[in-house]
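**Student:** predicted coordinates and the sequence they were generated for:
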Amino acid sequence: MPIIVPLVAFVTVALDQLTKHLVRSNIALYDSIPDAGFFRLVHTQNTGAAFGIFENATPYLAVFSSIALAVIVWVVVSKRFFFLENTWGSLALGLAAGGTLGNLIDRVYYGFVTDFLKAGPWPAFNIADASMVTGMLLITFLYIRSESTPGGR
């Protein structure tokens, strides 16, 4: 299982960076494909965090992302969280790490994060955002399940 976390993180970062590159190369800023509809590809630049909060806080968000990555590495190495010591826990940590690193790369290299997936009224997001949310929801589920299971496993 030790290889799962870095493998999932690597695949997440590679997919995230590839899709962002394709969007930046093929869709003009603020253009949308299709022009209307519930789900669209919309090229946007985000200098804040999710849902547009902390706009123009790129340096602070880069520092926060670096700290979050360090915490994830510590969780993996320390093995103090038994509920994450399984395949699902490794998958969750890999998704969270890959998503965090994907957006950190954008913030450091470009000064903003490229978002492009737009669903209904929600703000545009990207593969890194979806991976972080999925990873954190999975970690939450595993924790809640461990608390309700006799012996905590």
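**Tutor:** Arrived safely, thanks for sending. Numbering: from 1, shown residues only.

**Student:** in this protein, which ranges drop under the pLDDT threshold?
**Tutor:** 1, 151-153 (pLDDT under 70).

**Student:** in which helix or strand would I find Tyr63?
**Tutor:** You called it Tyr, but residue 63 is Val. For Val63, the host element (DSSP states H and E) is helix 58-78.

**Student:** name the residues of that helix that are buried.
**Tutor:** Neighbour counts over helix 58-78 (16 or more other C-beta atoms under 10 Å) mark Thr58, Leu61, Ala62, Phe64, Ser65, Ala68, Leu69, Ile72, Val75, Val76 as buried. Where you see a C-beta, it was placed from the backbone N, CA and C, and this is true even at glycine.

**Student:** part of a helix, is Gln45?
**Tutor:** No. Assigned with DSSP: H, G, I helix; E, B strand; the rest coil, Gln45 falls outside any helix and is strand.

**Student:** number of nearby residues for it?
**Tutor:** Close neighbours of Gln45, defined as other C-beta atoms under 10 Å, add up to 15.

**Student:** check contacts around it.
**Tutor:** Leu29, Tyr110, Phe112, Val113, Thr114, Asp115 (C-beta atoms under 8 Å, 6 or more residues apart in numbering).

**Student:** mind running it again at 6 Å?
**Tutor:** By C-beta atoms under 6 Å, 6 or more residues apart in numbering, Gln45 lies in contact with Phe112.

**Student:** hmm, back to that, can you name every helix or strand that the helix holding Val63 contacts?
**Tutor:** The contact analysis (3 or more C-beta pairs under 6 Å, 6 or more residues apart in numbering; DSSP states H and E) places helix 58-78 against helix 87-109.

**Student:** run the angle between the helix it packs on and helix 58-78 for me.
**Tutor:** Inter-element angle recorded for helix 87-109 and helix 58-78: 150 degrees (by axes from the mean of the first three to the mean of the last three C-alpha atoms, to 10 degrees).
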